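> I need the structure of the sequence given here:
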Amino acid sequence: MGKTNDMKILVLYDSIGGNTEKVAKTIHEVAVAARLDSSLIRLTAFAELDFNDYDLIFCGSPVIEWLPTPAMRSFIQSKLKEHRAKRDVLPCAPLKPGKFAVCFGTYCGAHIGVKEATPMTEWLAAFFWHIGYAVIDKLHLPGQMRRPDIDKSIERENNMEGILGNLAGRPGESDLQKVRTFTTGILRHAGALS
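Sure, this is the predicted structure:
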């Protein structure tokens with residue numbers, strides 16, 4: 001079976017404990033199941049990407065101190081410099097027709113809930129607006145804290161006693177079903193599905 005249209009999709013993500021990777025893979029699986037041209041790329045130091053090659057970009061990261069991971073921040077900042085050098089960042093940020101983005105993140109929200117995640121997706125969204133991509137939406141999903149760089153007692157406390165309650169096993173199947181529904185809606189909105 002061939003693809004349903006020519007829209008090129010990129011699912012770019014960074015992940016520390018696997019939560020954001022689960023979400024990214026689910027987004028990609030929905031696009032592939034719809035016979036769309038979708039690339040799933042985990043951020044590495046060697047990622048060579050030209051965002052202009054894609055029509056719809058899903059960009060995600062776990063939330064680390066209200067922002068994307070340091071690797072994602074560094075990557076996006078380098079891309080902003082590239083786009084400026086190409087004179088792709090213009091006053092008033094004119095939109096490029098047919099170019100869309102969605103920003104997503106996973107967070108444990110132990111202290112203030114989703115308010116810990118929204119600055120991160122806003123930060124990513126600002127970049128995409130600057131390069132002319134209409135940011136269709138943002139997705140925030142709770143996830144079990146899995147950070148090798150912190151004390152296990154703090155990790156356990158944040159997973160069990162935070163404002164969102166017990167996050168063990170999240171994002172779980174119910175969360176991933178929400179991702180499937182959300183992604184299908186985004187694909188329709190962007191014109192990838194009829």
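> Just say helix, strand or coil for the nearest residue to M160 once chain neighbours are set aside.
In space, M160 comes closest to N166 once its chain neighbours are excluded; the distance is 5.7 Å by CB to CB, 6 or more residues apart in numbering. Where you see a C-beta, it was placed from the backbone N, CA and C, and this is true even at glycine. Secondary structure for N166, judged by DSSP: H, G, I helix; E, B strand; the rest coil, is coil.
> ok, N166 touching N158?
No. Between N166 and N158 there is no contact under CB atoms under 8 Å: 10.9 Å.
> More neighbours: those two, which one.
Applying other CB atoms under 10 Å to N166 and N158 shows that N158 carries more neighbours, namely 20 against 11.
> Can you tell me the closest non-neighbouring residue to the more buried one?
A110 (3.9 Å).
> ok, how many other residues are close to the one you found?
20.
> What of A93?
13.
> Can you give me the pLDDT of it?
As predicted, A93 sits at a pLDDT of 92.
> Assess the claim that F100 and F58 are in contact.
No. Between F100 and F58 there is no contact under CB under 8 Å: 9.6 Å.
> Can you list the neighbours in contact with the lowest-mean-pLDDT helix or strand in the chain?
In the chain, no helix or strand scores lower on mean pLDDT, DSSP states H and E than helix 152-161, which sits at a mean of 74. Residues outside helix 152-161 that contact it (CB atoms under 8 Å, 6 or more residues apart in numbering): C108, A110, Q144, M145, R146, R147, N166, L167, A168.
> For the residue nearest to N158, which residues are in contact?
E116, M145, E157, N158, N159, E161, G162, I163, L164.
> Pick out the one among these with the largest number of neighbours.
Most surrounded of those: other CB under 10 Å gives M145, at 26 neighbours.
> Tell me which residue is most central in this structure.
Residue closest to the mean C-alpha point of the chain, counted by CA atoms, centre = their mean, is G60 at 2.0 Å.
> other SSEs contacting the helix or strand harbouring that residue?
Using DSSP states H and E, G60 maps to strand 56-62. Using 3 or more CB pairs under 8 Å, 6 or more residues apart in numbering; DSSP states H and E, the elements in contact with strand 56-62 are strand 8-13, helix 19-33, strand 100-107, helix 118-130, helix 173-189.
> List the buried residues for the longest one?
Applying a neighbour-count criterion of 16 or more other CB atoms under 10 Å, one finds D175, L176, V179, F182, T183, T184, I186, L187 buried in helix 173-189.
> per-residue confidence averaged over that helix?
Mean predicted confidence for helix 173-189 is 97.
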